[in-house]
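Asks: Generate a structure from the sequence data that follows.
(3 chains)
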Amino acid sequence: MAIFVLVHGAWHTGELMRPVADRMAAEGHEVHTPTLAGNRPGDPADVGLEEAIGSLVAFVDGHDLADIVLVGHSYGGMVITGAADRLRAGAIRRLVYWNAFVPNDGEALNDLVPDFFLAMFDEMAKTNGTVMMPFPIWREALTNDMSGADSAAAYARLVPQPYRTFTDRIALSRPPAAFEIPKSYINFTEDTGMPHAMPWHPRLSQKLGLFRLVQAPGSHEVCFSNPEGAARAILIAGRD
Amino acid sequence: MAIFVLVHGAWHTGELMRPVADRMAAEGHEVHTPTLAGNRPGDPADVGLEEAIGSLVAFVDGHDLADIVLVGHSYGGMVITGAADRLRAGAIRRLVYWNAFVPNDGEALNDLVPDFFLAMFDEMAKTNGTVMMPFPIWREALTNDMSGADSAAAYARLVPQPYRTFTDRIALSRPPAAFEIPKSYINFTEDTGMPHAMPWHPRLSQKLGLFRLVQAPGSHEVCFSNPEGAARAILIAGRD
Amino acid sequence: MAIFVLVHGAWHTGELMRPVADRMAAEGHEVHTPTLAGNRPGDPADVGLEEAIGSLVAFVDGHDLADIVLVGHSYGGMVITGAADRLRAGAIRRLVYWNAFVPNDGEALNDLVPDFFLAMFDEMAKTNGTVMMPFPIWREALTNDMSGADSAAAYARLVPQPYRTFTDRIALSRPPAAFEIPKSYINFTEDTGMPHAMPWHPRLSQKLGLFRLVQAPGSHEVCFSNPEGAARAILIAGRD
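Replies: Sure, this is the predicted structure:
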């Protein structure tokens, strides 16, 4: 049995990871689903990437967790990479990226997404510093394996994302390929959250150096559409 | 429940879509499978793309269909694109491309296929204006998920294709990416009908702009090899 | 019912193909699993590619086999290509490449793998002329669908590989695309044995010209992780 920490993506919260976590816990694993700084009720709109990373480090340290499998979904890949660089030796047993961003030193999430997202979010953030995924893109490109009703119900549970978590550049002492921690990359094969010319895998996965690939059918939002499938993929990606 | 119109590919007829349509109808949907001009018994060998498109428009108008999910397989993608540009507002609820060609204004099907197909079909069409898919290519590249006997039996049901439907350039008032109608693209992952350097997806799918991707295992000819799987993919692609 | 000859990859033996062969035999097929020269107990460390090919030709001829489906896994693709060029007409009914190398005349296996493998193996071979796949790469990139314990148990059954089988250039009278024998390519979709910029399929498969593609989920080592799935894929790839 292992200890897992599941780190949600942008617009998500730890609560939205629970259906996945519960299925993993049912097999005897200890599964934590913290909500990052910036995504908690009442968090200010100007929370930056470093605070989000710091909140994950504080969670792991505060709970005295060691030897964990640290899983990051989507934007969560930025945060687990930063945390892996900062956490004490022995804290992390394996890093698992789940259709997630993989940054090198000095890269922001916005350096890893297509130009049309930048233009859209830059405009959106002018209002109050947060951004939201527009529903038409959510429905067609991120929840393509869901019914319209389920897609809308999931959308209603999302929270605004402080834009600085996308624009801040990460500071890393080493590229993730040089981390000594073993790494896995989970790629859900119908995830069209990134455009086809800039796919999650292998574009981002190969920045990990040697890694274990796990693939399964599904969209970017299998945490809603297929939590059972997500749990199974994470367990295969996370085992020794 | 929705109204579907399934538009067959080259060398096929509406009858060959029935195994797929029947499974969709069994779930309560209304499913039409017209045969395009050029592919009906007795059609002249010089039927062109515009007549094929016109025959689909006439079918939809003649049956007073509205709010339909219009599905095009392979060459059928040329025809549904043309029909979507010509049909009245409200006729189409969603366009579904199924390992299908997606043209922009001025493109012919022959602009979207590899050179060796052009050379082969140009030569073949000299006899009487129609072309046929050679059996060795049909067997290995289009029915790779079928037994030899089933592949041969399916081949025996094909009809000659008027070559002008491949060489005529389509006239469109707008690129399909600018259609306001929502769009889906179904990609069967073992479809080797197009060579690997010129794949169906993402080469052609991305011409749709924002679209919903649905993938499933199978060859170009799942209408024969797996009508149940084809029906399921179409229902996921076609729902709201 | 057909006659199959399964040719193992580097570091493997015929015995390691038996779990796959047994499932095929259970359906009534005759399945041979020879061990190539270079991979048998007591073989000298300087066995070259030509001797490996010769040992397969001798096996087929010595057993008076005709009309066989000749299947090559990984490095076995080099060997079946050479044997197909040398065996008498009528010996082979179909060639099946299974995440396998496909050489043209004058190419060595080492011409088809990434530079970091060359550097690693060149160094390794200095000791005694043989090479071994390092366990960390085996575990993460080749057995990504296996548990750690199963991966280690499989690793313990591997044998050293004479390096000349990787560095020798093959001599062929024709490119495999010009062989008149029908060809299939099986691609297990999570096989990360080759890096993503130099994949098995379509990089190597397309050297076959017209071929039948069969895909299924799994790693490079489905002979261990999923012999049932390997058997099923081979039977689909090998049928007429």
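Asks: So for residue A:137, what's the pLDDT?
Replies: For residue A:137, the pLDDT comes out at 98.
Asks: Now the element after whatever helix or strand it lives in, going C-ward?
Replies: Element membership for residue A:137 (DSSP states H and E) is helix A:135-137. Where DSSP H and E defines the elements, the next helix or strand beyond helix A:135-137 is helix A:148-155.
Asks: other SSEs contacting the helix or strand just after that next one?
Replies: The helix or strand immediately downstream of helix A:148-155 is strand A:161-162, counting by DSSP H and E. The criterion is 3 or more CB pairs under 8 Å, 6 or more residues apart in numbering or on different chains; DSSP states H and E, and the helices and strands that strand A:161-162 contacts are strand A:130-131. Glycine gets a C-beta too; all of them are placed from N, C-alpha and C.
Asks: Which residue is the nearest non-sequential neighbour of residue A:226?
Replies: In this structure, residue A:226 finds its nearest non-sequential neighbour in residue A:218, 5.3 Å apart by CB to CB, 6 or more residues apart in numbering or on different chains.
Asks: Surely the one you found touches residue A:228?
Replies: No: counting by CB atoms under 8 Å, residue A:218 sits too far from residue A:228 to count as a contact (10.5 Å).
Asks: The two: which has the busier surroundings?
Replies: Legend: neighbour count by other CB atoms under 10 Å in any protein chain shown for residue A:218 and residue A:228, higher for residue A:218 (22 against 11).
Asks: wait, is that one part of a helix?
Replies: No: counting by DSSP: H, G, I helix; E, B strand; the rest coil, one finds residue A:218 to be coil, located in no helix.
Asks: Report pLDDT for it.
Replies: So residue A:218 comes in at 98 (pLDDT).
Asks: Ok, residue A:85 next?
Replies: Looking at residue A:85, its pLDDT stands at 98.
Asks: which outside residues touch the helix or strand encompassing it?
Replies: Assigned by DSSP H and E, residue A:85 falls within helix A:76-86. The contact list for helix A:76-86 (CB atoms under 8 Å, 6 or more residues apart in numbering or on different chains) reads A:7-9, A:36, A:49-50, A:52-53, A:56-57, A:60, A:70-72, A:92, A:95, A:97-98, A:100-103, A:109, A:165, A:170-174, A:176, A:179, A:181, A:204.
Asks: swap in stretch A:208-218?
Replies: Contact partners of stretch A:208-218, identified using CB under 8 Å, 6+ apart, comprise A:97, A:102, A:145, A:176-178, A:182-191, A:201, A:205, A:222, A:225-226, A:229-230, A:232-233, A:236-237, B:215, C:136-137, C:140-141, C:144-145, C:189-190, C:192, C:217.
Asks: repeat that for 6 Å
Replies: Stretch A:208-218 has contacts (CB atoms under 6 Å, 6 or more residues apart in numbering or on different chains) with A:145, A:176-177, A:183-190, A:226, A:229, A:233, A:236-237, C:140, C:144, C:190, C:192.
Asks: First-to-last residue distance for it?
Replies: 23 Å (CA to CA, to the nearest Å).
Asks: picking up where we left off before, in ChimeraX, how would I select the buried members of the contacts of stretch A:208-218?
Replies: In ChimeraX syntax, the buried subset of those is picked out as below (16 or more other CB atoms under 10 Å in any protein chain shown):
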select /A:145,176,183,184,185,186,187,188,189,190,226,229,233,236,237 /C:140,144,190,192
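Asks: Inside helices: which ones of the contacts of helix A:76-86?
Replies: Among these, the members falling in helices are A:49-50, A:52-53, A:56-57, A:60, A:165 (criterion: DSSP state H).
Asks: The residues you listed into TSV, with extra columns for neighbour count?
Replies: Formatted as TSV, the ones in helices among the contacts of helix A:76-86 follow (neighbours: other CB atoms under 10 Å in any protein chain shown):
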residue	neighbour count
A:49	26
A:50	17
A:52	26
A:53	25
A:56	24
A:57	18
A:60	22
A:165	28
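Asks: And for residue A:48, nearest residue in space, chain neighbours not counted?
Replies: Using CB to CB, 6+ apart, the closest residue to residue A:48 is residue A:164 (4.0 Å).
Asks: Next one: the one you found, what pLDDT does it get?
Replies: pLDDT, residue A:164: 98.
Asks: Would you quantify the distance from it to chain C?
Replies: Counting by CB to the nearest CB, to the nearest Å, the gap from residue A:164 to chain C is 32 Å.
Asks: Hmm, residue A:50 and that residue touching each other?
Replies: No: using CB atoms under 6 Å as the test, residue A:164 is too far from residue A:50 to be in contact (9.2 Å).
Asks: With adjacent residues omitted, what lies nearest to residue A:168?
Replies: Nearest non-adjacent residue to residue A:168 (CB to CB, 6+ apart): residue A:49, at 3.7 Å.
Asks: what number of residues lie near the closest residue to chain C within chain A?
Replies: With CB to the nearest CB as the measure, residue A:202 is the residue of chain A nearest to chain C, at 3.3 Å. Look at residue A:202: counted by other CB under 10 Å, it has 17 neighbours.
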